[in-house]
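S.K.: Let me see the structure of the following:
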Amino acid sequence: MAPCTWGYVLPYAAMVMVQFIDIGAATINKAAMSKGMSSYVLVVYSSALATIFLLPCFILQKKISLTFSFLGGQFLLGLIGSSNMLLAYTGINYSSPTLASAMGNVIPIFTFILAIIFRMEKLDLRRSSCQAKVLGTIVSVSGAFVVILYKGSVIFSPSNSPDQNVMMILQQSKWVFGGLMLAMASVLKASWNILQTSIVKNCPSMITVLFFYTFFVTIQSTVFSLFLESNPNAWVLRPDIEMISIVFSAIFGSLYHIGVETWCLHQKGPIFVAMFRPLGVAIAAVMVVIFLGDALHLGSVIGSIIIAVGFYAMMWAQVKESSTSVIENEVPSLASTQKTPLLQCRTSVEDV
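M.R.: Numbering: from 1, shown residues only. The predicted model follows:
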């Protein structure tokens, strides 16, 4: 069995914290966009602020050689990341953080398929851990679709406004468009996980990876946003929830999120990072009720329970694979240590 040390538990705790921070950022951003803030401006300013925060660390760190292949990979990574962020924030603007978290659960499916295609993950259905990983992913995604398709009766509603039903009818027309944007963002996020894993292996400096990623995202998202956002007044920030959303997205949504995911990709691989996405649906269902005043429906509760079952099935599969690899590595070393004294003893007897 794998040893339960802080270094072993840290990736799990860090990824769970990422889900809380992601939903918190999505909730704050939704509140800011509901008051008129442009989703395109939010991406540009938060990425630019994250780049400014990383600039001193990049300058003061030990210099490393930058190759054309590394910069090209970072440019492609930034292109995927900027497109993902623009689609994701637009989808949240037209829907809600709960739908964003639910649609994000297709990321394990796409990541798993891409990892198999690029031979980063072995699909051996004869192993119980692989079966649990596949089954857990399917169950988690099924629970996410329950959250989306089945609302059910209202369990708790912080608002008793008579216009609530009218608002739900008006928002339904935007719900499908927002879901489509979020689905496209999930495909790009899965591609980002695969590409980021290969880049991290070739670059030992995480600060360098983060700096050039946010730098390219800032440039590319600015170019896209100048074409997509035609209102010049949208680029003027107000010192209220808009400023808070940009700072929070830059520090936690960009720096912490990307830093932790990059480290976990290097430590555990893309499947480990993607399998934590289902947990965000349950977190989002609670946060939108508390901070945005949305109603909590029976479908969200049932879907969250289904997601939790699939989530723990994937966790069990990951732990089982880690335990198996530790045992396989310990057996040869144990055998070699047992053989060495016997050989030394035989040699000493022959010398006598």
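S.K.: in the stretch 1-150 of the chain, what spans have low per-residue confidence?
M.R.: 1-4, 6-7, 147-149 (pLDDT under 70).
S.K.: hmm, 90 instead?
M.R.: 1-16, 18-19, 22-27, 30-31, 34-36, 39, 57-74, 89-150 (pLDDT under 90).
S.K.: count of residues packed around Leu180?
M.R.: 15 (other C-beta atoms under 10 Å). For every residue, glycine as well, the C-beta is placed using N, CA and C.
S.K.: For it, which non-adjacent residue is spatially closest?
M.R.: Closest residue to Leu180 apart from its sequence neighbours, by C-beta to C-beta, 6 or more residues apart in numbering: Gly91 at 7.7 Å.
S.K.: Likewise for Gly259?
M.R.: Using C-beta to C-beta, 6+ apart, the closest residue to Gly259 is Leu210 (6.0 Å).
S.K.: Around that neighbour, how many other residues sit close by?
M.R.: Leu210, neighbours per other C-beta under 10 Å, totals 21.
S.K.: Next, the buried residues of the helix or strand harbouring it.
M.R.: Per DSSP states H and E, Leu210 falls inside helix 206-228. Residues of helix 206-228 classed as buried by neighbour count (16 or more other C-beta atoms under 10 Å): 206-222, 224-225.
S.K.: how about the helix or strand harbouring Ile107: buried residues?
M.R.: If you go by DSSP H and E, Ile107 is part of helix 107-117. Within helix 107-117, the residues that count as buried by 16+ other C-beta under 10 Å are Ile107, Pro108, Ile109, Phe110, Thr111, Phe112, Leu114, Ala115.
S.K.: Check stretch 308-319 too.
M.R.: Buried positions in stretch 308-319, judged by neighbour count with 16+ other C-beta under 10 Å: Ala308, Gly310, Phe311, Tyr312, Ala313, Met314, Met315, Ala317, Gln318.
S.K.: Excluding sequence neighbours, find me the nearest residue to the third one.
M.R.: Closest residue to Phe311 in three dimensions, ignoring its sequence neighbours and counting by C-beta to C-beta, 6+ apart: Pro278, at 4.8 Å.
S.K.: Run the angle between the following helix or strand past the helix holding Ile107 and helix 107-117 for me.
M.R.: Counting by DSSP H and E, the element after helix 107-117 in chain order, helix or strand, is helix 128-149. Using axes from the mean of the first three to the mean of the last three C-alpha atoms, to 10 degrees, the inter-axis angle of helix 128-149 relative to helix 107-117 is 140 degrees.
S.K.: Going forward, the N-terminal residue is numbered 47.
M.R.: Will do, 47 is the new start, and the previous item becomes helix 174-195.
S.K.: Which other helices and strands does helix 174-195 contact?
M.R.: helix 143-149, helix 153-163, helix 325-337, helix 344-397 (3 or more C-beta pairs under 8 Å, 6 or more residues apart in numbering; DSSP states H and E).
S.K.: chain center to that helix: distance?
M.R.: Offset of helix 174-195 from its chain centre (C-alpha atoms, centre = their mean, to the nearest Å): 17 Å.
S.K.: and what of stretch 331-340?
M.R.: For stretch 331-340, the distance to the chain centre is 21 Å (C-alpha atoms, centre = their mean).
S.K.: got the buried residues for that stretch?
M.R.: Result for stretch 331-340 [16+ other C-beta under 10 Å]: buried residues Ala331, Met333, Val334, Val335, Leu338, Asp340.
S.K.: ok, now which ones touch Thr113?
M.R.: Contacts for Thr113 were tallied using C-beta atoms under 8 Å, 6 or more residues apart in numbering; there are none.
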